[in-house]
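**Student:** Everything below, folded, please.
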Amino acid sequence: MDALAQAIEQAPAGAGIDKTKRKHLWWLSNVVAAGIVLAAFATWYWVSQPPKIEGTWELPDGGQWIFRQKGRDLQIDVVHYETREVWQRGHGVIHDSTIRFQLDLVFERGHRYEGQLSVGADLKQLSDTAYGSPLGDRSEIRLRRH
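**Tutor:** Numbers count the residues shown, from 1 in each chain. Predicted structure coming up:
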């Protein structure tokens, strides 16, 4: 764009471009440049946003995971299917279309679940695996948006 503006400024007077046309072309080249920069920024912003998963997600047994989202960071409460009480609580982070999380049992100290969830392309499913400590048990997790 700078090269175009410089060429317009340096064009000889007899080249058919008077001072008013030069000024209009200069403004036009700047408007086009600003539009390109704005479009590039909008594309970058849209692509860099994490998926929106905030809300309540259902397990097949009726339990629920409740996500509160702030950017890529998540606060997670897991509601037990029978007691309807929060029995696990923790946090997670979204990386692309994967959520890495850690959950502590509310009523038992020393028990933690860690794992990851893959975000479905339709943003209606989360699924993958969690591992419990200290026992090392493995759980498959399948969540659907409430």
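
**Student:** longest helix of the protein?
**Tutor:** helix 19-48 (DSSP state H).

**Student:** Check the gap between the residue nearest the centre of the chain and Glu82 for me.
**Tutor:** Centre of the chain computed as the mean C-alpha position; nearest residue by Cα atoms, centre = their mean is Pro50, 0.3 Å away. In this view, Pro50 and Glu82 are 32 Å apart by Cβ to Cβ, to the nearest Å. Any C-beta I mention is one placed from the backbone N, CA and C, and that applies to glycine too.

**Student:** Domain-wise, how is this protein divided?
**Tutor:** As given by automatic domain parsing, the domain ranges for the chain are 2-48, 55-145.

**Student:** Ends of the longest one, what's the gap?
**Tutor:** End-to-end distance of domain 55-145 (Cα to Cα, to the nearest Å): 8 Å.

**Student:** got the buried residues for the longest helix of the chain?
**Tutor:** Leu25, Ser29 (16 or more other Cβ atoms under 10 Å).

**Student:** Packing partners of the following helix or strand past that helix?
**Tutor:** Note on helix 19-48: by DSSP states H and E, the next helix or strand toward the C-terminus is strand 55-58. Under the contact definition 3 or more Cβ pairs under 8 Å, 6 or more residues apart in numbering; DSSP states H and E, strand 55-58 sits against strand 64-70, strand 138-145.

**Student:** Go through those strands and pick out the most buried.
**Tutor:** strand 64-70 (a mean of 16; mean count of other Cβ atoms under 10 Å).

**Student:** what is the mean pLDDT for it?
**Tutor:** Strand 64-70 comes out with an average pLDDT of 97.
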